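**Q** I need the structure of the sequence given here:
(chains A and B)
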Amino acid sequence: MASATSSTVDDRPAGADVHLPDTARDLVKILVTGPFGVGKTTLIRSVSEIRPLHTEELLTEASAQVDDLAGVREKSTTTVAIDFGRISLPGGIVLYLFGTPGQERFRELWDDIAYGALGALVLVDARRIDASFDVLGLVEESGLPYAVAFNTFPDAPRHHTPEQLRAALDLEPTTPMVTCDAREADSSIDALLALVQHLIDHHPPEPR
Amino acid sequence: MTGRRGGRPLVPAYLSTGGVARPSRTHLERLSVLTCSGGRAPTDLPAAQAALLEELGHGSLTVVEAAALLRLPVSAVLVLAADLLDRDLVLARAPIPPARRFDPDLLKRVADGLRDLKHR
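**A** Numbers count the residues shown, from 1 in each chain, chains lettered A, B, ... in the order given. Here you go, the predicted model:
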């Protein structure tokens, strides 16, 4: 399935420790988005306190709304796995990270997961920048504040200037743009911090 | 009980809710926190509801975490959780009071907490 590239074995224990600590009070979420294979799950795994979990989400492929049985035979259903992880912070805050595919065909699912999110971290692969156009379009249409992080692949081109990259992605001057190594916890945290600092600095509009 | 890893869930997703497609309440969301109320479960509780209740017996879970552990779609767990709410077997609370979501103080605490993680 679509999750084939995302599912790798992890030796962190699952099960018992997934239950929320009694101190958990404020649960917030950030979407980690980008095209397939860009490193969403890698980033989540590097910072999550639990082995990343996933839910199987049903996608309705038909364009028509399906509200009753009449429409059922018209549609076909596929699933996509949504990986997520969790970080407990002091003061009872629990930050959830949802790896969310950004292709246009996932729009309905995207809107559902994005509901109530603080913002989105958009991972970009410098070797295939054009694969991120869909994602950026979806994020901008959703009105979710976002930051862009170039995941550093070993063979990624290094000759582009930040200005060139910013222009290629058509980013606003205020949109944070950083590089990160999604395999490294500290680097992933820095990318998340770039987003959260952006939220603090630019008082986002009323939540959707 | 539904399977955890390997194999298929004991209860197929489309049967887990007894054919009900929509939750009876609408205020549940992915990060709603579900907790056991401590009430006594009837012996004829449908299997999928009992499985969710058993998971919650070990501690609170968000809807998505329950879905992942039970290997059921989020939409199915929303229905199951709503049923258990109606039976007063489960309590649910919102992930965060809506007015606090973009509270600058909350965001600063998130940023501080993330910075602290780096120094561990």
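**Q** briefly note if the host helix or strand of residue A:121 comes near chain B.
**A** With elements taken from DSSP states H and E, the one containing residue A:121 is strand A:119-125. No: on the criterion Cβ under 8 Å from any Cβ of the partner chain, strand A:119-125 is out of touch with chain B, staying 9.8 Å away. Every residue, glycine included, has its C-beta placed from N, CA and C.
**Q** mean confidence for that strand?
**A** Taken as a whole, strand A:119-125 has a mean pLDDT of 96.
**Q** list the contacts of that strand.
**A** With Cβ atoms under 8 Å, 6 or more residues apart in numbering or on different chains as the test, strand A:119-125 has contacts from A:30-35, A:37-40, A:43, A:100, A:102, A:114, A:131-132, A:135-136, A:139, A:144-151, A:153, A:156, A:169, A:182, A:191-192, A:195-196, A:198-199, A:204.
**Q** list the buried ones in the lengthiest helix in chain B?
**A** Using DSSP state H to define each element, chain B has its longest helix at helix B:104-118. Residues of helix B:104-118 classed as buried by neighbour count (16 or more other Cβ atoms under 10 Å in any protein chain shown): B:106-107, B:109-114, B:117.
**Q** using the three-state scheme, assign the spatially most central residue of chain A.
**A** For chain A, the residue nearest the mean C-alpha position is residue A:32 (1.6 Å; Cα atoms, centre = their mean). Classification of residue A:32 by DSSP: H, G, I helix; E, B strand; the rest coil places it in strand.
**Q** got it, and residue B:41?
**A** coil.
**Q** show me what counts as buried in the longest helix along chain A.
**A** Determined from DSSP H, the single longest helix within chain A is helix A:185-201. Within helix A:185-201, the residues that qualify as buried by neighbour count (16+ other Cβ under 10 Å) are A:185, A:187-200.
**Q** and stretch B:76-88, by the same measure?
**A** Quick answer for stretch B:76-88 (16+ other Cβ under 10 Å): B:76-85.
**Q** how much space is there between residue A:46 and chain B?
**A** 11 Å (Cβ to the nearest Cβ, to the nearest Å).
**Q** again with residue A:84
**A** With Cβ to the nearest Cβ as the criterion, residue A:84 and chain B are 6 Å apart.
**Q** state the next helix or strand along the chain beyond the strand or helix carrying that residue.
**A** Assigning secondary structure by DSSP H and E places residue A:84 in strand A:77-89. Once the chain leaves strand A:77-89, the next helix or strand it forms, by DSSP H and E, is strand A:93-101.
**Q** next one: that following strand to chain centre, how far?
**A** Centroid separation between strand A:93-101 and its chain, computed with Cα atoms, centre = their mean, to the nearest Å, is 7 Å.
**Q** stretch A:152-161 too?
**A** 22 Å.
**Q** dump the C-alpha coordinates for it into CSV.
**A** The C-alpha coordinates for stretch A:152-161 follow below in CSV (Å, rounded to 0.1, in the frame of the first residue of the first chain):
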residue,chain,number,x,y,z
THR,A,152,19.3,16.8,3.6
PHE,A,153,19.8,13.8,1.3
PRO,A,154,23.5,12.9,0.7
ASP,A,155,23.2,13.5,-3.0
ALA,A,156,21.0,16.6,-2.9
PRO,A,157,22.3,19.4,-5.0
ARG,A,158,24.1,22.1,-3.0
HIS,A,159,24.6,24.8,-5.6
HIS,A,160,21.3,26.5,-5.1
THR,A,161,21.2,29.7,-3.0
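**Q** which outside residues touch that stretch?
**A** Applying Cβ under 8 Å, 6+ apart, the set of residues contacting stretch A:152-161 is A:125-127, A:150, A:168, A:179-181.
**Q** can you tell me which two in these are farthest apart?
**A** Within the contacts of stretch A:152-161, A:168 and A:181 form the most distant pair, 20.9 Å apart (Cβ to Cβ).
**Q** the two: which is more packed in?
**A** residue A:181 (20 against 15; other Cβ atoms under 10 Å in any protein chain shown).
**Q** now for that one: which residues touch it?
**A** Contacts of residue A:181 (Cβ under 8 Å, 6+ apart): A:151-152, A:187-188.
**Q** quick one: least confident helix or strand in chain B?
**A** The weakest-scoring helix or strand in chain B, judged by mean pLDDT, DSSP states H and E, is helix B:13-16 (a mean of 68).
**Q** one step back: near chain B too, which of the buried residues of helix A:185-201?
**A** A:185, A:189-190, A:192-193, A:196-197, A:199-200.
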